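> got a predicted structure here, sequence first:
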Amino acid sequence: MTRRVVIVAVVAAVAASLTAYMVIRKKPAPVVESARPSDFLATVPNPAQPPGSAPDGMVWIPGGEFSMGSNVESESMCGLSGLTADALPVHRVYVDGFWMDRTEVTNREYAAFVAATGYVTIAERTPTQEEFPTAPPENLVAGSTVFTPAQVPVPLDNYFQWWRYQHGANWRHPEGPGSDLSGREDHPVVHIAYDDAVAYAEWAGKRLPTEAEWEFAARGGAAGELYAWGDSLVQSGRWMANIYEGRFPVYDTAADGFAGVAPVAKFPPNGYGLYDVGGNVWEWVSDWYRPDTYAARAVGGVVRNPRGPDSPFDPSEPTEKKRVHRGGSFLCTSEYCTRYMVGTRGKGEVTTGSNHLGFRCVKPLPESGRS
Ligand SMILES: [Ca+2]
Ligand SMILES: [Ca+2]
């Protein structure tokens, strides 16, 4: 679901986009339940130690060379299989070292930014007729997309059965006007469009990670594992991430301890000390989305510090400008959208937020600090 689709022409546009996707992606994918380690070579971290101590709330990610991507092809979504093909082929990438936020940016942190700057997020702004010339006037209402459980089990082929455009939903009111941030200060901020994340990062003296930086960090120094913490969703009886258990999208059993979003850092960190890189909320990264990015890169040699393609293209919605999302969310389930798998990719139109999408930032070394 994108902001434009909702505001301009709800039903027709969604039907068209789903049809287009089905035409493009009708080849069935084989069911593979574990990564093929042979596609992955060991991660080779840079040996240099960070200069000085870590900025508040950040950890050092050494950078180095690693195998990026996913060869897990079991993903299906909206009844369409093979969606993780955009994370193929696995290819070799090098990134410089950087600092990274330990956690997703929280409501407390975003509130400090807004208090200091008066920034108004996109979900809080009333859409204008100039922006959406074909929209009926009654649709020009500020809001954002909110997950709503279905009353009964439904086929997983139409996300309008569990997503709604909620007037008045934004980061201060995650489920709409009747909700607020009381007791949610340490929850990740949500309903954040791409520019809202960039504005925060610039204020904080940071930036968004590239997709390659995010994945290097998320793998925690390991290579070819299915998840950011290993190869099993449950370790020693403990769920390792905030995802969705039960029957999607009807009921979440909260077997992992949380139905819906969780405060940050309630699950074990990965090998670099990062929390919630798998699950809780999706995270914006700075690369434009194209499904063929990895194929274009994997023509030989190690790709150094890739920043993504020059322009976006998603064949399912070719007029929408999308950037990459990573890590999956509390709505990801083994039945649907298994993108808590560490090498897999998501995507989103840049002005569209939702109640399961947030971000975290990185801080590169000054040029003089590079080894
Ligand atoms: Ca959960
Ligand atoms: Ca996350």
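Alright, I've got the coordinates. Given the structure is predicted, the values throughout are model-derived calculations rather than measurements. Ligands and ions are numbered 1, 2, ... in the order given.

> for the rest of this, base every contact and every neighbour count on C-alpha atoms.
Noted.

> just the strands in the stretch 1-150 of the chain please.
Remark: strands assigned in the stretch 1-150 of the chain by DSSP state E, counting those that start in this stretch are 44-45, 58-61, 64-68, 76-77, 80-81, 91-95, 98-101, 143-147.

> please save the CA atoms from the last one in CSV.
As requested, the backbone C-alpha atoms of strand 143-147 are provided in CSV (Å, rounded to 0.1, in the frame of the first residue of the first chain):
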residue,chain,number,x,y,z
GLY,A,143,-3.0,9.9,8.0
SER,A,144,-1.0,6.8,7.6
THR,A,145,-1.4,3.0,7.1
VAL,A,146,-2.3,0.9,10.2
PHE,A,147,-2.5,-2.9,10.5
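
> quick check: mean pLDDT of it?
Averaging pLDDT along strand 143-147 gives 93.

> could you do the first one as well?
Throughout strand 44-45, pLDDT has a mean value of 97.

> circling back to that earlier point, so which of the strands of the stretch 1-150 of the chain is nearest ligand 2?
strand 98-101 (11.5 Å; Cα to the ion).

> what about that closest one, near ligand 2?
No. Judged by Cα under 5 Å from the ion, strand 98-101 makes no contact with ligand 2; its nearest approach is 11.5 Å.

> for that strand, name the packing helices and strands.
strand 58-61, strand 362-364 (3 or more Cα pairs under 8 Å, 6 or more residues apart in numbering; DSSP states H and E).

> which other residues reach the last one?
The one in question is strand 362-364. Gly97, Phe98, Trp99, Met100, Asp101, Gly205, Lys206, Arg207, Leu208, Pro209 (Cα atoms under 8 Å, 6 or more residues apart in numbering).

> measure the spatially closest residue to the fourth one that is not a sequence neighbour to Thr293 for me?
Nearest residue to Met100, sequence neighbours excluded (Cα to Cα, 6 or more residues apart in numbering): Val362, at 4.2 Å. Between Val362 and Thr293 the computed distance is 22 Å (Cα to Cα, to the nearest Å).

> neighbour count winner among those two?
Neighbour count, other Cα atoms under 10 Å: between Val362 and Thr293, Val362 has more, with 23 against 19.

> so what's the more buried one bridging to?
Met100, Arg207 (DSSP bridges).

> give me the pLDDT value at it.
98.

> rewinding a little: need the strands of the stretch 1-150 of the chain in CSV (columns: distance to Gln166).
Below are the strands of the stretch 1-150 of the chain laid out as CSV (distance: least, Cα to Cα, whole Å):
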stretch, distance to Gln166
strand 44-45, 45
strand 58-61, 34
strand 64-68, 37
strand 76-77, 23
strand 80-81, 27
strand 91-95, 40
strand 98-101, 30
strand 143-147, 5
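
> comparing these by mean pLDDT, which bottoms out?
Among those, strand 76-77 scores lowest, at a mean of 54.

> most neighbours, which of the contacts of strand 362-364?
Going by other Cα under 10 Å, Met100 tops the contacts of strand 362-364 with 28 neighbours.

> wait, that residue touches Pro62, no?
No. Using Cα atoms under 8 Å, Met100 is not in contact with Pro62, being 10.3 Å away.

> who touches both of those two?
The contact sets of Met100 and Pro62 do not overlap (Cα under 8 Å, 6+ apart).

> if we can go back for a sec, most tightly surrounded among the helices and strands packed on strand 98-101?
strand 58-61 (a mean of 23; mean count of other Cα atoms under 10 Å).

> how many residues are close by the nearest residue to Asp256 once chain neighbours are set aside?
Distance criterion Cα to Cα, 6+ apart; nearest residue to Asp256, sequence neighbours excluded, is Trp239 at 5.2 Å. Neighbour count for Trp239, taken as other Cα under 10 Å: 16.

> any idea how far Trp239 is from Gln166?
To Gln166, Trp239 is 31 Å away according to Cα to Cα.

> what's the distance between Leu357 and Ala255?
For Leu357, the distance to Ala255 - Cα to Cα - is 22 Å.

> then Ile61?
Taking Cα to Cα, one finds Ile61 at 31 Å from Ala255.

> buried residues, stretch 330-339. List them.
Buried positions in stretch 330-339, judged by neighbour count with 16 or more other Cα atoms under 10 Å: Phe330, Leu331, Cys332, Thr333, Ser334, Glu335, Tyr336, Cys337, Thr338, Arg339.

> tell me which helix or strand comes right after the top strand by length along the chain.
Secondary structure of the chain read by DSSP state E shows that its longest strand is strand 282-288. On the C-terminal side of strand 282-288, the nearest following helix or strand under DSSP states H and E is helix 293-297.

> what's in contact with the helix or strand following that following helix?
Counting by DSSP H and E, the element after helix 293-297 in chain order, helix or strand, is strand 303-304. Strand 303-304 is contacted by residues Arg92, Val93, Tyr94, Val95, Arg297 when judged by Cα under 8 Å, 6+ apart.

> repeat that for stretch 220-238.
So stretch 220-238 is contacted by 34-37, 39-45, 66-67, 70, 218-219, 239-241, 256, 269-273, 277-278, 340-343 (Cα under 8 Å, 6+ apart).

> before we move on, the earlier item: what lines up beside the longest strand of the chain in the sheet?
strand 322-326 (antiparallel), strand 357-358 (parallel).

> turn those strands into CSV, columns for mean pLDDT and mean neighbour count.
CSV is the format used below for the strands paired with strand 282-288 (pLDDT from 0 to 100; neighbours: other Cα atoms under 10 Å):
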stretch, mean pLDDT, mean neighbour count
strand 322-326, 97, 25
strand 357-358, 98, 26
